[in-house]
Structures are given as structure tokens and as C-alpha cells.
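Peer 1: Sequence and computational prediction follow.
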Number of protein chains: 2
Amino acid sequence: MPDATLTRKILDAVDAGFDAQIRFTADLVASPSLRGQEAPAQDMMARAFRERGLSVDRWKIEVDDIRHLPGFSPVAISYDNAFNVVGTQRPRKGGGRSLILNGHIDVVPTGPLDMWTDPPFAPKVKGGWLYGRGGGDMKAGLVGNLFALDALARIGLAPAGEVYLQSVVEEECTGNGALACLQRGYRGDAALIPEPFGETLMSTQVGVIWFQVKVRGRPVHVMTAGSGANAIEACFPLVSALHALEHEWNERGHPAFAGHAHPINFVLAKIEGGDWTSSVPAWCTFDMRIGLFPGQDLMQARAEVEATIAKAAAKDPFLAKHPPEVVYHGFMAEGWVLPEDTEAQRTLAAAHQAVTGQPLQPFASTGTTDARFFGLYADTPALVYGPRAEFIHGFDERVELESVRRVTQATALFIADWCGVEER
Amino acid sequence: MPDATLTRKILDAVDAGFDAQIRFTADLVASPSLRGQEAPAQDMMARAFRERGLSVDRWKIEVDDIRHLPGFSPVAISYDNAFNVVGTQRPRKGGGRSLILNGHIDVVPTGPLDMWTDPPFAPKVKGGWLYGRGGGDMKAGLVGNLFALDALARIGLAPAGEVYLQSVVEEECTGNGALACLQRGYRGDAALIPEPFGETLMSTQVGVIWFQVKVRGRPVHVMTAGSGANAIEACFPLVSALHALEHEWNERGHPAFAGHAHPINFVLAKIEGGDWTSSVPAWCTFDMRIGLFPGQDLMQARAEVEATIAKAAAKDPFLAKHPPEVVYHGFMAEGWVLPEDTEAQRTLAAAHQAVTGQPLQPFASTGTTDARFFGLYADTPALVYGPRAEFIHGFDERVELESVRRVTQATALFIADWCGVEER
């Protein structure tokens, strides 16, 4: 750890830039970087990197470059506007360890606007919180990475190892943005991802699979509804059967989630079916997101899901002859466990303690993050450590400003300690 | 009834025009007169009326003209393209009874195109059937009305009373097209509507109400799914409760539907909910179409539906505090029973017998038709009698050509008998 004097200087340097940090975070939140629309926000990141003299690598993800790699998730949309941006600070002298500071630019949809107190892309600071879609998940963390580096610069220092500031797309649906960074050759001695997990260190994360179930029915005029096959109602028993599988998986348990009541969540997240209120619906498609334990084989999990659907469908006279189709349209993500007691996490724990006076607490995540790419496919210690946020993926998403300040300070200390510092 | 010679001449006259009739029907099927897009098909009808020297009344329906009338159904779409067309043939001498020949131009959506053998708006004749969306329901009947009148003209005759050829919109969702004809002052001594009910005479029809149920949830990231409230899954028990009400209504029964196993159908016809596969869905809306018996009060039926939904919602911890909203967006249609043994139906029965050699069979309809407007609100005997069709509201909808021929012949005989004839 930096000595007490340097530590104080670093923390003060974060404070000195904090107003500008929040302004930039708010500007970035105002850019609605929904899936497929991330490019303007990525341009903001590239501009900010360039202004600081980082070398900027901005490239469009090509599915053909990554589809053969482990960790690839199937893609159902165009990547025409899917740009990654990496800003690299290379040391003058060097000799220190390298570090990847990763964050994602993509945000999830807002849902019905009338359920927001303020418009989701009109960020507002109220009562010590920054409100807006994506503020917590995870633009505050993404911007914090940059301003942690700024803090060192403000006191005339630079990291003594390469620091890669990665702003990636597609975290919320596939992880293919982070995968594309690996494919492009970016490697570090450690990676830090400030996901908004309340200043804890993520110790493990579940795997996640997305799938759609497409059910067909036999449409008839509603006057003879009994002779038709209602594709919407035919979905209900399939959903029930999948919840039974969810229960079974939770029963199996996993040591990394010991004490967690319900780590595996199967969520019926979207549904759409039918065309006309006086016709028995001929089609219905529902989307499910399922969690799985670290170590669960993806192909085996898919087979269990498909068998569950097939078995439930076989009980329906119409579906028995017209089986539902299962389509994978996003996450195909393995679970992962952070190796225990690495030097990277000891270093982060010390930085956290220096800022907060508290020991760093572990957190077992029932969602996925891009950490799996570093951990599983690049043998890199991946530390997920970010500020406190609320209502991510919900309405009135918000991130706590003092928490953002503390995480930025801890990050700056971590950079200085992990990479070492040199004069600018 | 016309004597045997005249009867033969009329039947032959229908035969003489039948190829042209099918061509015109196919042309009309090719015009995709979906709700809100009926105008070009209505222009075809107006042109056909004008070519025959009928006086043509084409007008845009104004909701403000009809919203105060009994039988009005709430409207959720624009009527900017909702034109009715009426072609009137007025007798030279007169003295006969007047007649409304009514049919609707609107067709229901196709559903997924890949489930059709041939494109729905590319009509085809195969094996004695005309295929295409709306061929059966009910362009074959609508065109048959016109060609029945043509048949009389071909042998130098015209009806001795006013004949109103009505081509209306909105039958499939509100009935406001037929209602607008009443509002405009059109009246007849009888009405005939060739809905595709297989050469039967409709003896009764259920009432129909459309409604939407809008359910809200508490969205969270799926990683904490247990703390959210899934708006989609919250709909399932509401649907179950509504099916229990459906069962209760069927148990009550109605004499006009004696012997019918399941006259009342509650159909979950559309559903849409959720925005993102990794968010617990915050909203879900489902559409239901329900049937009700003749004599059931609409407001009472609505109250029962709303109470059923409220009671089921009260069992859900989240919905108990955020009750679903019920919106009426279409049919608000009473049931109706055809008065027995009127002269109009005796006249039609004789015409049917003359063409088919069979007695006219009654048919209790578990769907609604525009007949209710004539029967309930204008004291007019309304005869629903049309050709045999299959898969209406489904895929590969088709209408049987020989059945169309017979119905057109019976219609021509009925016109001649009901109105009487005069020389053109």
C-alpha cells in the first residue's frame, strides 16, 4: 500500500475531481446506450480517453471473429453499431503489473416511462443519489475507473504498468463485448469491474442462459374455442414445469452459494402471443432467463431444460404433435468462482480498508458479469467491486454518490498499489 | 315463391354470372381489408354498385354520431379510414317490401404468414374451394348479395321494394359499422346477412365483450427475482379465475342454447409483457374475449368480470396493493334471439328448400354478428344465412364454391319473393 501521505494525497485528488466525475457520469447517463444504440456513448468515452492522452482503440465487433471462442453467446441482433472502446495508458519506465479496468456501456430497457418519477435518461441528483437508467449499472463505475486514473495524474503520477480502460457493449445480454476484448489480445495481470454490488467483492457468480420458447396453436374463431389450441394458455404448464426444474437445481445447491436461500432464479421475463381478440391465439413466444451453478455444464443444462419442456408439452394433445421450439438468443454463460486469497484481492481489500475502515466483504452473485471471461478464459484474477446502487433493471434506478466516491478512491489506491507508480 | 319457371330462370341467371362472381370475390379477397385498412376494398364495392346504376352512399363513420346509441362499442383506434358503403336500388313502381342485404368488408389479421399454405391475400381456387383471408368471413357472402341482385337484372327484373346493399366495416371488433347504418337512417322490412354458417339460419347469438387487463409488477434485476413481482406470472391466476366464471356462466345455461355443451367461451386471445430477458417484468397486458347469454345485462356482466379479477388479485401480495386495470376496447355486444316463425324466415326457408331440396336448419351461434343491431335496435327480422366456410379466423381460410352458388341462388329467390319483382 502507498504510505499514509501518498494515500491521503490520492484520496484528496479523487475528491478534487469528484464534481467533474459526477457531471461526466450524468452526461453519460443522458446518452441512452440501449442495446444496439451504444455507439454515441462509446464516442463520449473515446473522446474522454483521447483528451487524457490515452491511446484509443475503437472497433466494431464482428461476430465471425468471436463465434468460435469459448464463452461466445448466440446473437439475434445486428452488431452494426456495436463498438468497443479501449483506452490504454502505457508507462514511460514501466516495471509494474498491468491492469484491466473494465465496465460496460450498455443499459437495459426502461420499461413503461410512466412508472419513472423522472425521465430515465434525464439524470438528476437528489438527496445524495444520482438517478437515471444505467447510472448504477454501471456508468458510475465505468466513469469511476477513468477518474481514478485522473486522480493519480492530478498529483503527477502514472501507473508503472499498462492500464487498459475497457468500455464494452453487450454485457447485459451476451458478454460478447468483453469476449471481443480478449479476442483482440488484451490481457492484464488483474482485472477490476466496478459493478454496483455495494462495495463488496464478488466471490462467485451464477451462470446464465437465455432462451425463447415458441409455441404454436391451432387458431379458430373464438365461437368454436373448444376445437382450437390456445397457444398462450399452452405456455402456462411449460412455465410451471420449468419452475419445478428451478426448484430441483436450487435443491442441489453449491458450496459457493452456501447459506443463500434461492441462488438459482428462472425468470419468465417476456411474453407475446396472439393477434386478435376474437381469434384463438395461434402462437405465443416467451423468454426465460435461467441461472445455473458454477461447474454446471452449459450443454447439460440446456438438455435438462429442453427435456423439461418436451415432457410438459407431451401432456398437451396439440403440443404433443407440434412440439415447442427452443431458441437460444443471448447469454450462454458459465458460472464462475473467484480463486481465494490471490494477491490481487488482498491488494484491493487493503485499499478498501484504507478508504472505509472496514474489511472487504464477499458477495455471491446470483447474476452474471463479464468477470467470467477474465477468470475462465484468460486465467486473470477478476475483481468485481463497485458502488452501491438501487433498482437496477427497475424504475428510478439510482446510485449513491458517496459510495461512488469511496469506490473511486479505493480504485485509485488499488491502481497505485497493484501497478506501482512513476512520475508522469 | 316465384313459380317453377321463374324460379328456374333465376337459378340459371345466378349460374350465368357465377364465374364473374367468383372472380370479383377473389379480387376483393386480394384487398387486405384489415381493421383500419378497409377503404380500398370499400372503394371496390362502391365502384361495383355504381357500375350497376345503384345510388351510392359512402361516408366516414364519426364516433360522435354514434357513441350515444344503444349497441355502441368503445373504440381504441382512429376511424380516419372507416368508410361504410351502401348501394340502393329503388323500384320504379314499387309496392313491395324493402330489404337490407348486409355484409362486412373487414377481415381479421392473418397471424404468422409461415403458417399459411399460400399467402392469405393471394386468393386461389383449389378443389372447389376459394382460399384466402376473408373469403369465407365474409366476402363471398357480401359479393353474393350483389350478384343475387345481378341475376334478377339479367332476366329483366328488379325488386319491387327498396334493396339496400350495405358493405360495413368494424363487424369483427365493435359492430359500429352496422350501427352507423342505423344511425344514418337505413331501415328495411327485413335484413339478410350471409355470414358463413353453412347454409343454416342463425336462431340466436351470444353477446360478446372484449376487455384488456393491465397488470403491473415490481421490476428488479433477475438476480434478486424473489424480491420482485412478476407481472406476467401474476396474470396466470387472474386467467384461471376468469375461466371459473366462464364455467359458472355455462352452468347457468340458456334455453336458446339448450343442448349446446359449451356456448360461453372466454378466450385469452392476446398477451404482451416484459421488455428484457434479464429483468423481472414490470407490466403485462392480456386481452380476453368473453361470450354471454342473450338477456345477460352488459353492465352486470362487466361487474362480474371486474369482481372476479379483483378477488383473484387480492390474493397476490403485490396486486392487492396495485390492482389490475380493466379496459374495454371493443365489443360491448348483447346477445340476441331471432323471433320465431316470422314471415321473413318462412320466405327464406322456402327459397332454401327450392335450391337445396332440404329444410332450413337452425344454428345457435356462439359468436356475435351484426344481426343484433337490426334485431335489438330496429325491430327488423334479421336473417343470418350464408355459405359453408372453414378455418375462419385461422390459417388457410376457405369457402366452398358450390355452397356460395346455392346461397346466392337462395338469396335471389328470397329477394324476388320478399320484395316482389317488377320489369326493369
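Peer 2: Nice, thanks for sending it over. Residues are numbered from 1 along each chain as shown, chains lettered A, B, ... in the order given.
Peer 1: Let me know the average pLDDT across the helix or strand hosting A:Asp65.
Peer 2: Taking DSSP states H and E as the criterion, A:Asp65 maps to helix A:63-66. Helix A:63-66 shows a mean pLDDT of 97.
Peer 1: OK, contacts around A:Asp150?
Peer 2: Neighbouring residues of A:Asp150 by Cβ atoms under 8 Å, 6 or more residues apart in numbering or on different chains: A:13, A:17, A:21, A:52. No exception for glycine: its C-beta is placed from N, CA and C like everyone else's.
Peer 1: go with 6 Å
Peer 2: When contacts are counted by Cβ atoms under 6 Å, 6 or more residues apart in numbering or on different chains, A:Asp150 touches A:Gly17.
Peer 1: so how far is chain B from A:Asp12?
Peer 2: Using Cβ to the nearest Cβ, to the nearest Å, A:Asp12 is found at 34 Å from chain B.
Peer 1: what pLDDT does the residue of the stretch 201-350 of chain A found nearest chain B get?
Peer 2: Closest approach between the stretch 201-350 of chain A and chain B, counting by Cβ to the nearest Cβ: A:Met223, at 3.3 Å. Looking at A:Met223, its pLDDT reads 70.
Peer 1: Same check on A:Pro219?
Peer 2: 68.
Peer 1: List the buried residues for the helix holding A:Asp65?
Peer 2: Neighbour counts over helix A:63-66 (16 or more other Cβ atoms under 10 Å in any protein chain shown) mark A:Ile66 as buried.
Peer 1: what about A:Gln361, neighbour count?
Peer 2: Neighbour count for A:Gln361, taken as other Cβ atoms under 10 Å in any protein chain shown: 13.
Peer 1: close enough to count as contact, it and A:Leu201?
Peer 2: No: A:Gln361 is beyond contact range of A:Leu201, at 7.1 Å (criterion: Cβ atoms under 6 Å).
Peer 1: And A:Pro381, how close does it get to A:Ala191?
Peer 2: Distance of A:Pro381 to A:Ala191, computed by Cβ to Cβ, to the nearest Å: 7 Å.
Peer 1: between those two, which one's more packed in?
Peer 2: Neighbour comparison, A:Pro381 and A:Ala191: the larger count goes to A:Ala191, with 28 against 20 (by other Cβ under 10 Å).
Peer 1: So what pairs up with the more buried one in the strands?
Peer 2: When bridges are called by DSSP bridges, A:Ala191 pairs up with A:Ile100, A:Ala382.
Peer 1: ok, now which ones touch it?
Peer 2: A:100, A:102, A:374, A:380, A:382.
Peer 1: Let me see the contact set for the first one.
Peer 2: Residues counted as contacts of A:Ile100 (Cβ under 6 Å, 6+ apart) are A:164, A:188, A:191.
Peer 1: Look up how far chain B lies from it.
Peer 2: Separation of A:Ile100 from chain B (Cβ to the nearest Cβ) stands at 23 Å.
Peer 1: What distance do you get for the residue nearest to A:Gly134 when sequence neighbours are not counted to B:Trp276?
Peer 2: Leaving aside its sequence neighbours, A:Gly134 sits nearest to A:Val107 (Cβ to Cβ, 6 or more residues apart in numbering or on different chains; 3.2 Å). Distance, A:Val107 to B:Trp276, using Cβ to Cβ: 10 Å.
Peer 1: Which of these two has more residues huddled nearby?
Peer 2: In terms of neighbours (other Cβ under 10 Å), A:Val107 is the more surrounded of A:Val107 and B:Trp276; the figures are 31 against 24.
Peer 1: who does that one bridge with?
Peer 2: On the basis of DSSP bridges, A:Val107 is bridged to A:Leu34.
Peer 1: And for A:Gly207?
Peer 2: The partner list for A:Gly207 in beta bridges (DSSP bridges) reads A:Leu292.
Peer 1: Write out the residues of the stretch 301-424 of chain A neighbouring chain B.
Peer 2: Residues of the stretch 301-424 of chain A lying near chain B by Cβ under 6 Å from any Cβ of the partner chain: A:330, A:366-367, A:392-394.
Peer 1: give me that answer again for 10 Å
Peer 2: Residues of the stretch 301-424 of chain A found near chain B (Cβ under 10 Å from any Cβ of the partner chain) are A:329-331, A:365-369, A:389-395, A:397.
Peer 1: Kindly report the same for the stretch 51-200 of chain A.
Peer 2: Within reach of chain B by Cβ under 10 Å from any Cβ, the stretch 51-200 of chain A has these residues: A:108-112, A:114-115, A:136-137, A:172-173, A:196-197.
Peer 1: 8 Å instead, please
Peer 2: A:108-112, A:115, A:137, A:172-173 (Cβ under 8 Å from any Cβ of the partner chain).
Peer 1: one step back: count the residues that sit near the residue of the stretch 201-350 of chain A closest to chain B.
Peer 2: Residues near A:Met223, counting by other Cβ under 10 Å, number 25.
Peer 1: List the residues that contact it.
Peer 2: With contact taken as Cβ under 8 Å, 6+ apart, A:Met223 is in contact with B:206, B:265, B:291, B:365-367.
Peer 1: and if you look at A:Asp80?
Peer 2: A:Lys60.
Peer 1: so what does the helix or strand of chain A with the lowest mean pLDDT touch, helix or strand wise?
Peer 2: Of all helical and strand segments in chain A, the minimum by mean pLDDT, DSSP states H and E falls on helix A:317-321, at a mean of 90. With contacts defined as 3 or more Cβ pairs under 8 Å, 6 or more residues apart in numbering or on different chains; DSSP states H and E, helix A:317-321 has these neighbours: helix A:298-314.
Peer 1: what pLDDT, on average, does the helix it packs on get?
Peer 2: The pLDDT scores in helix A:298-314 average 98.
Peer 1: Give me the neighbour count for A:Gly420.
Peer 2: The number of residues packed near A:Gly420 is 18, by other Cβ under 10 Å.
Peer 1: Which parts of stretch A:148-168 count as buried, going by neighbours?
Peer 2: Within stretch A:148-168, the residues scored as buried using 16+ other Cβ under 10 Å are A:148-155, A:157-168.
Peer 1: Show the end-to-end separation of that stretch, please.
Peer 2: Its start and end residues considered, stretch A:148-168 measures 18 Å (Cα to Cα, to the nearest Å).
Peer 1: dump the residue contacts of the residue of the stretch 301-424 of chain A found nearest chain B.
Peer 2: Chain B sits closest to A:Gly367 of the stretch 301-424 of chain A, with a gap of 3.3 Å, by Cβ to the nearest Cβ. Residues near A:Gly367 by Cβ under 8 Å, 6+ apart: A:205-206, A:208, A:291, B:221-223, B:278.
Peer 1: out of those, which one sits closest to B:Arg184?
Peer 2: Within these, the smallest distance to B:Arg184 is 54.2 Å, found for B:Ser278 (Cβ to Cβ).
Peer 1: quick one, phi/psi of that closest one?
Peer 2: With angles defined as degrees, to the nearest 10, B:Ser278 sits at phi -110, psi 30.
Peer 1: okay, now it: neighbour count?
Peer 2: 21.
Peer 1: Quick check: which ranges of chain A have low pLDDT?
Peer 2: Applying pLDDT under 70 to chain A flags the ranges A:219, A:222, A:224-228.
Peer 1: same thing but at 90, please
Peer 2: Applying pLDDT under 90 to chain A flags the ranges A:1-2, A:76, A:111-112, A:114-115, A:216-229, A:259, A:261, A:278-279, A:317-318, A:341.
Peer 1: on that earlier part again, dump the C-alpha coordinates for the least confident helix or strand of chain A into CSV.
Peer 2: Extracted in CSV, the C-alpha atoms of helix A:317-321 (Å, rounded to 0.1, in the frame of the first residue of the first chain):
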residue,chain,number,x,y,z
PRO,A,317,-52.7,-33.1,-27.0
PHE,A,318,-51.8,-30.4,-29.5
LEU,A,319,-48.2,-29.7,-28.4
ALA,A,320,-47.5,-33.4,-28.3
LYS,A,321,-47.8,-33.3,-32.1
